[in-house]
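**Q** Predicted coordinates and the sequence they were generated for:
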Amino acid sequence: MISLLIPTLNRSSFIIRYLNYLNNNNFEGAVYIGDSSNQEHFDKTRCAIARIKPKFEMAHIAYPGLLDFECILKMLPSIKTPYAMYMCDDDFLVCKSVKKAIAFLENNPIYSGVTGKGIFFNIRGDGAFGPIGDVIEDPLRGYEQDKPRERLSALFNIDYRPVNALSRTDQFVKRWIDRKDFRLKELATEVLPWCLMVVHGKVKKLDELFMVRQQHGQRYLLPDVFDTLATPEWLPSSLIFQDEVAKVLNKYDDMDLDEAIKFVRGLFKRYWIDLICYKFGNSKKREKRAKLKEKLKKIKVLRQLVQKGRIIKSVLRNEPSLTTLSRPSSPYYEDFSAIVTACKNEI
């Protein structure tokens, strides 16, 4: 029913962990791994797949030297299922929630995607395996405004959030642009697919644990905003991005093409201005806060009080925490426990 497209680069332990999780939790679908890793990591993943013996359909394909969005473009023709989703190799898409997301899309044709509740977690020791140390909310969003332009505006507001959502395959494949001059990773892998998703239709947020993401030292972070603006890829990629979104907006919102281009350009300008202001205005504050935090961590009593305060706050606000999610009374206990188990033992 669903295909997961997972690019990976030199993080074999993370992709192996997720494949084992899928196998142990009765995932029904197909997994395509676009592997740009060096030979060592590629071989580790290949050998682990042989040991795990996945019960689902999967393909592990070598794409040396390719970026994540280039791997996805290569894998698109392989999709045979009616639903698809792009995944990072260090994330967990909760198996039980997939069926509920598919059921929703089947009954709601005006929706282009389904997401749910999200959380971030870390592991003591910072690798792929070990005890979970802390959990915080990852506030994923739905976009249910009536008009595509309204959903696009909501996506680009100052509290910009990723759109991790399951999609119909026929719409999903249209969100990846295969052009030699469209090379800016941030736009090609994230921003353009998210924009086209909310233009294609509404995005529903279910009251289910949907996406669980790990914060760790091996994450591939996007370049600094100023470094991005200085790259030769920025201008041609930005122009292509604006044209592609405007064309789809023109089709789905009945906007005149010139009006759509002007509208998208305004949103896109605000997006970069917000990034620059955030970087420039908050860098010193973040630096001071980090130094103060490190000093406070060394005071044991304060550290214990802070932890207790987090637990109390999460309970009062019904926010996820390691304590609340680990309680059998939590509606997400079973789903979260499966992830805790996946992180415990290395394959």
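**A** Structure received.

**Q** Ile276 sits in which helix or strand?
**A** According to DSSP states H and E, Ile276 maps onto helix 257-297.

**Q** for this structure, what spans make up the helices?
**A** 12-24, 39-52, 68-75, 95-107, 148-155, 169-172, 185, 192-200, 225-229, 234-252, 257-297, 300-316, 322-325, 333-344 (DSSP state H).

**Q** now those helices in TSV, with mean pLDDT and mean neighbour count?
**A** The C-beta positions use only the backbone N, C-alpha and C, and glycine is treated the same way. Compiled in TSV, those are given as follows (pLDDT from 0 to 100; neighbours: other C-beta atoms under 10 Å):
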stretch	mean pLDDT	mean neighbour count
helix 12-24	96	22
helix 39-52	96	15
helix 68-75	96	22
helix 95-107	95	17
helix 148-155	94	20
helix 169-172	96	18
helix 185	90	19
helix 192-200	95	25
helix 225-229	84	14
helix 234-252	95	18
helix 257-297	75	13
helix 300-316	45	12
helix 322-325	82	19
helix 333-344	93	17
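
**Q** how close does the closest residue to Asp90 other than its chain neighbours get to Ser238?
**A** What sits nearest to Asp90 in space, not counting adjacent residues and going by C-beta to C-beta, 6 or more residues apart in numbering, is Phe14, at 4.3 Å. According to C-beta to C-beta, to the nearest Å, Phe14 stands 31 Å off from Ser238.

**Q** quick one, which of the helices of the chain is nearest to Gly125?
**A** Closest approach to Gly125 among these is made by helix 333-344 (10.6 Å; C-beta to C-beta).

**Q** Which strands or helices does that closest one pack on?
**A** helix 12-24, helix 95-107, strand 202-214 (3 or more C-beta pairs under 8 Å, 6 or more residues apart in numbering; DSSP states H and E).

**Q** Tell me where the model's unsure across the stretch 51-200 of the chain.
**A** For the stretch 51-200 of the chain, applying pLDDT under 70 flags the ranges 158-162.

**Q** The same query, at a cut-off of 80, please.
**A** 158-163 (pLDDT under 80).

**Q** and the helices and strands packed on helix 333-344 as TSV, adding distance to Asp258?
**A** Compiled in TSV, those are given as follows (distance: least, C-beta to C-beta, whole Å):
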stretch	distance to Asp258
helix 12-24	45
helix 95-107	33
strand 202-214	26
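
**Q** hang on, the earlier thing: let me have the helices of the chain in TSV, extended by distance to Cys88.
**A** Formatted as TSV, the helices of the chain follow (distance: least, C-beta to C-beta, whole Å):
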stretch	distance to Cys88
helix 12-24	9
helix 39-52	15
helix 68-75	8
helix 95-107	16
helix 148-155	19
helix 169-172	16
helix 185	13
helix 192-200	13
helix 225-229	19
helix 234-252	21
helix 257-297	21
helix 300-316	25
helix 322-325	21
helix 333-344	15
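
**Q** of all those, which lies closest to Tyr86?
**A** Closest among these, once you apply C-beta to C-beta, is helix 68-75, at 6.1 Å.

**Q** Next, the angle helix 192-200 makes with that closest one.
**A** Orientation of helix 68-75 against helix 192-200 (axes from the mean of the first three to the mean of the last three C-alpha atoms, to 10 degrees) gives an angle of 60 degrees.

**Q** Alpha carbons only: can I get helix 68-75 in CSV?
**A** Presented in CSV, the C-alpha positions along helix 68-75 are these (Å, rounded to 0.1, in the frame of the first residue of the first chain):
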residue,chain,number,x,y,z
ASP,A,68,19.4,12.9,-1.3
PHE,A,69,16.9,14.5,-3.7
GLU,A,70,18.9,12.9,-6.6
CYS,A,71,18.5,9.5,-5.0
ILE,A,72,14.7,10.1,-4.7
LEU,A,73,14.5,11.1,-8.4
LYS,A,74,16.2,7.8,-9.3
MET,A,75,13.8,5.8,-7.2
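
**Q** on that earlier part again, the helices and strands packed on helix 333-344: which one's closest to Arg179?
**A** Using C-beta to C-beta, the helices and strands packed on helix 333-344 put strand 202-214 closest to Arg179, at 25.7 Å.
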